[in-house]
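# Sequence plus predicted model, see below.
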Amino acid sequence: MSETSRILIGEKRLEGDLRSRAMTGLLLQLRLLVFVACGWLAVGAPAWAQGRGETLYAMHCSTCHRAEMHWRAKRAVTDWPSLQAEVRKWQVVASLAWTEDEVLDVARYLNDSIYHFELASGLPQ
């Protein structure tokens, strides 16, 4: 076997080893991605929804609705259903066209951060 053919065979073996290592690394990254995604779905989704509610409120509501509004004596919100109804009403007034999930996310954010109403069973939470 000539020196040139030994070099070519060695290069092909090295190339095969590198491909094998790259595939192993890719599979490990894919497994990690799946693991993280499953963890996010199991634990992180509610936190993400909470963050979305806070973001929507900050972007569309907080300009007019300061914290004092939620603590005034004649407030319209007195329980969880009325909180949902007020969020739903004002997003329509503001022409925001939020989905029901977005309305609930904002209502949850307000409830968790300000109102602390008990969520009745059987109602969307």
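Arrived safely, thanks for sending.

# How confident was the prediction at Arg66?
What the model reports as pLDDT for Arg66 is 67.

# correction: Leu14
pLDDT, Leu14: 60.

# The one 5 residues further on now?
Model confidence at Arg19, expressed as pLDDT, equals 70.

# so who does it touch?
Residues near Arg19 by C-beta atoms under 8 Å, 6 or more residues apart in numbering: none. Where C-beta positions appear, they are placed from N, C-alpha and C, glycine not excepted.

# again with Gly53
Taking C-beta under 8 Å, 6+ apart, one finds 102, 104-110 in contact with Gly53.

# likewise Trp90?
Shown in contact with Trp90 (C-beta under 8 Å, 6+ apart): Cys61.

# Secondary structure element holding it?
Per DSSP states H and E: Trp90 is located in helix 80-93.

# Tyr57 too?
If you go by DSSP H and E, Tyr57 is part of helix 45-60.

# In this structure Leu83 contacts Tyr109, no?
No. Under the criterion of C-beta atoms under 8 Å, Leu83 is not in contact with Tyr109, lying 10.4 Å apart.

# that older thread, could you dump the contacts of Gly53 to TSV with pLDDT and distance to Glu54?
Output for these, formatted as TSV (pLDDT from 0 to 100; distance: C-beta to C-beta, whole Å):
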residue	pLDDT	distance to Glu54
Glu102	96	12
Leu104	95	13
Asp105	95	8
Val106	95	8
Ala107	95	12
Arg108	94	10
Tyr109	93	5
Leu110	92	9
